[in-house]
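Undergrad: the following comprises the amino acid sequence and a computationally predicted model.
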Amino acid sequence: MTHIPFASLAIAGAVGLMSGCHTSIWGMYKDALHEGFGLGTFARSIAIGGVVAVVIQATLRLPLPAPHALFLLFGLAYAAERGIVEVWKTFIREEDQSKYFIPMQFSIRGVPVASRGTRLAAGAAYIAAVVLSLAVVASLDDSGATFSHVTRAALAGLVVGMLLAVGGAWKDAPKEGFDIVKFFRSPVLTVLYACLMAQLTTDYLLIAVAAIGYERATAETYKTFFFPSKPRGKFSGKPVLYPGLLRQRRYFVPVYVAISVSVMACAAAAL
C-alpha cells in the first residue's frame, strides 16, 4: 500500500472542518431561535465533516493542496456530511416531532411514521436508490461517447438533482404545497455545478457528489442570509423562544463569509 502523507490528510481534515462549520452556521442561524443553541449540535457537522474529508482523501488521494483538489474535496465532504446527517435525522433518530411544522422524521403525507422498523426499511430503500443512481452515474465514461464530457456531466448533475428535488418535495409539499420553482431549483443548481466540476475531473461520480455538496451550500446560503427573518420551513409558524440569539448569531457571520470567500478563491484559482 502506498504511503499517504500526513500533511495531505491534515489538509483534508481542515477542509472538512471548514465544510462542516459552513453547514453548522447556516443551520444554527435560524434554528437556534426556536430550539436554542446546542454546542453538541453545532459541533456535530464540523466533526463529521472533518472525518469524512480525511476518509475521502485516504481513498481518492487527491493532489492536495492544489486549488482544484481543495475545491473538489470541499464539495465532496459537504455532500457526504449532509447525506450522513440527513439519513440519521430522517430514518434513525427518535425525536419529538411536535416542535416542527414540517416533520424531520420520515413521514407520509406530512404525518411522521411512528414505527421505527418501517422507517429503517424506508431508509434502506432510500439508500439503495441513491447507491443505484450513483452507480449509474459512475458507469458513464467518455470512450466512444456520443455526447461531450460536459453534457455527460450535466446529465450526472441532473440525476442527483432530481433525487434531491423528489426527496424535498416528499417532505415539504404536504405541508407547504408543491412549488414548481422550488422543485427545479436543486436540479438546476446541480447541473450548473456539475458542468463546473467537469472542468476539474473526468470522474462522473465525483462530479455528481461534489455538485450535491455545492447545491446544498448555495441553496442554504440563499435561504438563510437572503431571507434572515423568514423561519426555515420546519419552524414555519412556530414562536421564537430564544430572541437573545438574534444578536448573538451575527458573531458567526464573519466566519461563514471567510469560508465562502476561501472556497470561491480556490474555485477561481482552479478554473
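TA: It's in.
Undergrad: show me the shaky parts of the stretch 101-250 of the chain.
TA: In the predicted model of the stretch 101-250 of the chain, residues 142, 144-145 satisfy pLDDT under 70.
Undergrad: and the helices in it?
TA: Counting by DSSP state H, counting those that start in this stretch, the stretch 101-250 of the chain has helices at residues 116-138, 149-176, 180-197, 204-225, 245-248.
Undergrad: deepest of the ones you listed, which one?
TA: Among these, helix 204-225 has the highest mean neighbour count (mean count of other Cβ atoms under 10 Å), at a mean of 23. The way it works is simple: take the backbone N, C-alpha and C, and place the C-beta from them, glycine included.
Undergrad: mind giving me the packing neighbours of that helix?
TA: With contacts defined as 3 or more Cβ pairs under 8 Å, 6 or more residues apart in numbering; DSSP states H and E, helix 204-225 has these neighbours: helix 6-35, helix 67-87, helix 116-138, helix 149-176, helix 180-197, helix 253-270.
Undergrad: can you list those in a markdown table and add distance to Leu245?
TA: Formatted as a markdown table, these follow (distance: least, Cβ to Cβ, whole Å):
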| stretch | distance to Leu245 |
| --- | --- |
| helix 6-35 | 5 |
| helix 67-87 | 21 |
| helix 116-138 | 31 |
| helix 149-176 | 24 |
| helix 180-197 | 27 |
| helix 253-270 | 13 |
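Undergrad: which one of those helices lies closest to Asp96?
TA: helix 6-35 (11.1 Å; Cβ to Cβ).
Undergrad: still on that earlier bit, what about the helices of the stretch 101-250 of the chain, which gets the closest to Ala32?
TA: So among those, helix 245-248 is nearest, using Cβ to Cβ, at 4.9 Å.
Undergrad: which secondary structure elements does the closest one contact?
TA: helix 6-35.
Undergrad: next, the angle from the helix it packs on to helix 204-225.
TA: 40 degrees (axes from the mean of the first three to the mean of the last three Cα atoms, to 10 degrees).
Undergrad: neighbours around Ile179, how many?
TA: Ile isn't right for residue 179; it's Asp. Using other Cβ atoms under 10 Å, Asp179 has 13 other residues around it.
Undergrad: if I look at the nearest residue to it once chain neighbours are set aside, how far off is Phe183?
TA: Using Cβ to Cβ, 6 or more residues apart in numbering and skipping the chain neighbours, the partner closest in space to Asp179 is Ala173 (7.8 Å). From Ala173 across to Phe183, the span is 8 Å (Cβ to Cβ, to the nearest Å).
Undergrad: next: Val85.
TA: 23 Å.
Undergrad: next: Leu70.
TA: Leu70 is 32 Å from Phe183, by Cβ to Cβ.
Undergrad: go on, Ala122?
TA: Relative to Phe183, and taking Cβ to Cβ, Ala122 is found at 21 Å.
Undergrad: now Phe252
TA: Taking Cβ to Cβ, one finds Phe252 at 30 Å from Phe183.
Undergrad: cool, and Val209?
TA: For Val209, the distance to Phe183 - Cβ to Cβ - is 21 Å.
Undergrad: likewise His149?
TA: His149 is 28 Å from Phe183, by Cβ to Cβ.
Undergrad: the helices of the stretch 101-250 of the chain: which one's closest to Ala79?
TA: Using Cβ to Cβ, the nearest of the helices of the stretch 101-250 of the chain to Ala79 is helix 204-225, at 3.6 Å.
Undergrad: can you give me how far the closest one is from the chain middle?
TA: 6 Å (Cα atoms, centre = their mean, to the nearest Å).
Undergrad: tell me the angle of it relative to helix 180-197?
TA: Going by the same axes, to 10 degrees, helix 204-225 makes 130 degrees with helix 180-197.
Undergrad: surely Ala267 meets Phe71?
TA: Yes: with contact defined as Cβ atoms under 8 Å, Ala267 and Phe71 form a contacting pair (5.1 Å).
Undergrad: okay, these two: which has more neighbours?
TA: Between Ala267 and Phe71, counted using other Cβ under 10 Å, Phe71 has the larger neighbour count: 25 against 20.
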